[in-house]
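Asks: Sequence and predicted model, in that order:
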Amino acid sequence: MVKGISPVHFGFVLPVLRIFQEKVIIMDNTDVKLLKYKGYYFEGSLADVDFLEHLDDFEIRDDDVFIITYPKSGTIWTQQILSSIYFEGHRNRAETVETIDRVPFLEYNMHKMDYLKRPSPRLFSSHIPYYLAPKDLKNKKAKIIYIYRNPKDVLTSYFHFSNYLVTLEASDNMEQFMERFLEGKVVGSLWFDHVRGWYEHRHDFNILFLMYEEMNKDLRSSVLKINHFLEKELSEEDLDAVVNQATFQNMKYNPQANYDGILKHEIGTRTNDGHFLRKGTIGDWKHHLTVDQNERFDRIFHRKMKDFPLKFIWDTNEE
Ligand SMILES: Nc1ncnc2c1ncn2[C@@H]1O[C@H](COP(=O)(O)O)[C@@H](OP(=O)(O)O)[C@H]1O
Ligand SMILES: CCc1ccc(OS(=O)(=O)O)cc1
């Protein structure tokens with residue numbers, strides 16, 4: 001059943017609402033789509049609703065590894081680390097496979113891979129909330145690495161990314177974007193719910209929590225932590241290679257480590273001179289939020305997270 005409102009009505013453009021049983025697709029213009037499915041916003045042009053319908057039964061293998069993040073929290077960075085821990089050809093750059101194909105998104109199968117036929121070990125990325133995770137993951141099959149980041153830096157990074165990628169809704173200014181972010185009307189829905197959900201249900205999963213800021217301050221220790229969690233043994237030389245591939249400088253100027261192919265030639269960007277990797281710093285929010293916006297954010301953060309057991313230590317040593 002499709003219920004529609006004409007996009008052009010009384011001479012101005014209205015958002016189109018298409019309502020299915022549990023799915024709402026919001027289109028603000030022809031390119032930009034948010035797909036609301038089971039209470040969570042997906043990127044509407046990349047998500048396949050038929051696949052989502054069967055996500056719960058997606059067959060998980062014991063040796064699968066998932067990177068789970070809220071958008072803009074360090075997904076691509078962890079993809080780079082993980083794929084070079086697992087594959088020598090990625091570590092020494094002998095293989096020229098795009099990051100997106102090495103560690104594809106579970107819910108956004110951009111290159112229509114047959115996930116069931118991928119050789120083990122399969123590496124996946126995902127932005128899904130805990131409650132949409134396949135049931136085998138909830139039975140502690142496979143390993144999950146959950147990366148979280150200071151939400152003010154997530155907000156800042158997301159603001160720029162939304163203005164970069166054609167399929168995300170652009171904003172004129174931070175105020176406008178912050179409003180949508182705090183309403184959870186962005187891909188990934190509400191940051192607070194995502195982090196809280198995964199952390200509060202951590203005992204259902206085989207999961208390692210790692211902070212972007214921790215990775216940023218000490219990349220080598222973070223790689224060792226990941227390595228240990230994955231029960232992998234790497235020589236000192238291989239470890240050095242993983243760390244070296246994952247530095248911001250090396251990734252920023254490596255097109256494969258920047259989603260360049262998919263962003264610039266498949267999905268589309270609004271400018272030619274940007275990169276997926278932007279600044280890669282801690283505390284960039286200080287250059288983008290006004291005093292009022294910062295205070296408002298803090299009030300909401302403390303209200304939403306006041307009883308949350310994870311200690312956030314990102315306020316130390318910011319730039
Ligand atoms: N090697 C690296 N070191 C530091 N930050 C990195 C990084 N690789 C990616 N990032 C940062 O991670 C953010 C993207 O996250 P995701 O992959 O989840 O979308 C971007 O943040 P900024 O926009 O603040 O620079 C990007 O620059
Ligand atoms: C590969 C590019 C890409 C685009 C959009 C994505 O979703 S989100 O905006 O980060 O939620 C993920 C990857």
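Replies: Noted; the coordinates are in hand. Ligands and ions are numbered 1, 2, ... in the order given.

Asks: quick one, strands of this structure?
Replies: For the chain, applying DSSP state E gives strands covering 8-9, 12-13, 16-19, 23-27, 33-37, 40-43, 65-69, 123-126, 143-148, 207-211.

Asks: can you tell me which of those strands the model trusts least?
Replies: Ranked by mean pLDDT, the strands of the chain end with strand 8-9 at the bottom, a mean of 30.

Asks: Which residue comes closest to the residue nearest to the spatial centre of the chain once chain neighbours are left out?
Replies: In the chain, the C-alpha nearest the mean C-alpha coordinate belongs to Pro71, at 3.2 Å (CA atoms, centre = their mean). Counting by CB to CB, 6 or more residues apart in numbering, the nearest residue to Pro71 once its immediate chain neighbours are dropped is Gly188, at 4.5 Å. Where C-beta positions appear, they are placed from N, C-alpha and C, glycine not excepted.

Asks: burial count for that neighbour?
Replies: Gly188: 23 surrounding residues under other CB atoms under 10 Å.

Asks: tell me the contacts of it?
Replies: Taking CB atoms under 8 Å, 6 or more residues apart in numbering as the contact definition, Gly188 lies against 41, 70-71, 127, 194.

Asks: So which of those residues reach ligand 1?
Replies: Restricting those to those near ligand 1 by CB under 6 Å from any ligand atom leaves Pro71.

Asks: Which members of the contacts of Gly188 are positioned in helices?
Replies: Residues from these lying in helices, with DSSP state H as the criterion: His194.

Asks: Format the contacts of Gly188 as TSV; extra columns: distance to Thr96.
Replies: Written out in TSV, the entries for these read as follows (distance: CB to CB, whole Å):
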residue	distance to Thr96
Tyr41	33
Tyr70	30
Pro71	26
His127	26
His194	33
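
Asks: Which single one of the contacts of Gly188 is nearest to ligand 1?
Replies: Closest approach to ligand 1 among these (CB to the nearest ligand atom): Pro71, at 5.5 Å.

Asks: thought that closest one was touching His127?
Replies: Yes. Pro71 lies in contact with His127 (CB atoms under 8 Å); the separation is 5.7 Å.

Asks: which residues are common contacts for these two?
Replies: With contacts taken as CB under 8 Å, 6+ apart, Pro71 and His127 have 187-188 as neighbours in common.
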